[in-house]
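[1] Let's see this in three dimensions:
(one chain, ligands or ions: 2)
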Amino acid sequence: MPPAPRAPPAPSPPAPPAPAEPDDAAKGVDPGPVRSGRVALIGRPNVGKSTLLNALLGEPIAITSLHPQTTRDTVRGVLTMGETQFVFVDTPGLHEPRTRLGHWMNDTARQAARDADVLVLVVEAPRDGRAPRPVEADLALAGELPQVPTVLAINKVDLLKDKTQLLPLLAAFAGRHTFSATVPISAKRTNGTDRLLREVRELLPVQPFLFEADTLSDQPVRFFVAEFVREQILKQTFQEVPHGVAVIVERFDESGKMPHIEVAVHVAREAHKKILIGAQGQMMKTIGTAARQRVEQMLSRRVHLQIWVRATPGWMDDPARLKELGYS
Ligand SMILES: Nc1nc2c(ncn2[C@@H]2O[C@H](COP(=O)(O)OP(=O)(O)OP(=O)(O)O)[C@@H](O)[C@H]2O)c(=O)[nH]1
Ligand SMILES: [Mg+2]
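    Ligands and ions are numbered 1, 2, ... in the order given. The predicted structure is shown next:
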């Protein structure tokens, strides 16, 4: 199984042409030493970590949604710009867990933070018309970060007209952790991301690249296929259905003309199976078509995608099932 390619499938995942840094060499400016390292994006659910990963990479590899706890496992994306290689690690949102799955997600995020060379703590800007106070849970999170160089990214500033409202936040966060820089951003509009990259670069260790310069992700295609199916389920269903869904690729056969992929969708209740399949299978058809198109876009080739829905009650609290589904 090849890692995630951009186009076409290849043993290592090709990335787009390196985004041009200001051409320092042409201007006779020393571009500085080669730096690289792991940069973990940490924060509460729904603050926009995955949207930020996609904005930084210029490729939508991480799934995003209106629902909190969209990201379940780390998603790694590599960005190579000139003399710098950023290995971004998107993480599950840290939350009060109610299931074994939730505990595993939190453990995964905390481990990614400990393994990182640089952290980006992502928090939300206050909205217009609301008190310009930091969210207490964000402050608590800042207080428990490991001692790793950290940039504070205040996201969703597109929703805030009066930017002076950010000032009380800066002081509050500075009281909980040492931040090397604070950068207001809008991940959705790709605003502030250039400055964020410059701040992070300064904190990366001087060391050779960790991956080939054209790598987009070191995770396999089958990981992204499962994620793209889950993304469509998140988009099409509501309430408890999306939280109770796990997706696993059961077959990825590349022996024929077109890759043949079979995916199992596990739902937490029998009733959810009916919802997902829909009247005359219409819901599953919509999900399957959209997911197939995303996979084809990533692989730059057509694929055959078959989806099976299975009721697996209680999987989110069953250690054996969690292991089978890759959450262990
Ligand atoms: N207005 C606005 N919305 C944003 C911005 N960034 C993200 N969002 C929205 O916030 C919601 C959550 O975004 P995600 O990127 O999935 O958030 P996340 O932090 O990865 O969430 P989890 O995976 O659940 O931890 C989505 O509806 C995004 O479109 C932003 O800069 N501005
Ligand atoms: Mg996410």
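
[2] What strand or helix carries the residue in the stretch 51-200 of the chain that ligand 2 sits nearest to?
    Minimum separation of the stretch 51-200 of the chain from ligand 2 (CB to the ion) falls at residue 71, amounting to 3.1 Å. Heads up, the C-betas are built off the backbone N, CA and C, glycines and all. Assigned by DSSP states H and E, residue 71 belongs to no helix or strand.

[3] mind listing what's buried in the longest helix anywhere in the chain?
    When the chain is parsed with DSSP state H, its longest helix is helix 282-299. Neighbour counts using 16 or more other CB atoms under 10 Å place 283, 284, 287, 288, 290, 291, 292, 294, 295, 298, 299 of helix 282-299 among the buried residues.

[4] what's it packed up against?
    On a contact count with 3 or more CB pairs under 8 Å, 6 or more residues apart in numbering; DSSP states H and E, helix 282-299 meets helix 221-236, helix 270-277, strand 304-311.

[5] So the first one, near ligand 2 or not?
    No - remark: helix 221-236 sits outside contact range of ligand 2, by CB under 5 Å from the ion, the gap being at least 10.5 Å.

[6] quick one: secondary structure of residue 264?
    When classified by DSSP: H, G, I helix; E, B strand; the rest coil, residue 264 comes out as strand.

[7] Quick check: bridge partners of it?
    residue 248, residue 308 (DSSP bridges).

[8] Near it, how many other residues are there?
    Residues lying near residue 264 (other CB atoms under 10 Å) number 19.

[9] backbone phi and psi for residue 258, please?
    phi -120, psi 140 (degrees, to the nearest 10).

[10] Just to check, it is in contact with residue 304?
    Yes - Residue 258 lies in contact with residue 304 (CB atoms under 8 Å); the separation is 5.4 Å.

[11] about what we covered before: contact partners for the residue of the stretch 51-200 of the chain closest to ligand 2?
    Residues in contact with residue 71 (CB atoms under 8 Å, 6 or more residues apart in numbering) are 49, 50, 62, 63, 90, 91, 92, 93, 105.

[12] which residue sits closest to the second one, ignoring its sequence neighbours?
    Here the nearest residue to residue 50 in space, its sequence neighbours aside, is residue 62; by CB to CB, 6 or more residues apart in numbering that works out to 3.8 Å.

[13] of the buried residues of helix 282-299, closest to residue 251?
    residue 295 (13.8 Å; CB to CB).

[14] and the stretch 1-150 of the chain, which residues reach ligand 1?
    Proximity of the stretch 1-150 of the chain to ligand 1 (CB under 6 Å from any ligand atom) is limited to residues 43, 45-51, 64-66, 68-71, 92-93.

[15] Show me which of those are buried.
    The neighbour count (16+ other CB under 10 Å) marks 43, 45-51, 64-65, 69-71, 92-93 as buried among those.

[16] Now the phi/psi pair for residue 191, please.
    Residue torsions, per degrees, to the nearest 10, at residue 191 are phi -100, psi 140.

[17] Tell me the bridge partners for it.
    For residue 191, the beta-bridge partners are residue 186 (DSSP bridges).

[18] Domain boundaries for the chain, per the record?
    The chain breaks down by automatic domain parsing into domains covering 35-203, 221-324.

[19] helices or strands up against the helix or strand that contains residue 77?
    According to DSSP H and E, residue 77 maps onto strand 75-81. Counting contacts by 3+ CB pairs under 8 Å, 6+ apart, strand 75-81 packs against helix 49-57, strand 84-90.

[20] Check whether that strand comes near ligand 2.
    No - under the criterion of CB under 5 Å from the ion, strand 75-81 makes no contact with ligand 2; the nearest approach is 7.8 Å.

[21] Show me what counts as buried in that strand.
    Within strand 75-81, the residues scored as buried using 16+ other CB under 10 Å are 75, 76, 77, 78, 79, 80.

[22] That strand: partners in the sheet, and parallel or antiparallel?
    Strand 75-81 has the following strand partners under DSSP bridges: strand 84-90 (antiparallel).

[23] going on from the partner strand, what's the next piece of helix or strand?
    Strand 84-90 is succeeded, C-terminally, by helix 100-115 (DSSP H and E).

[24] Lovely, talk soon.
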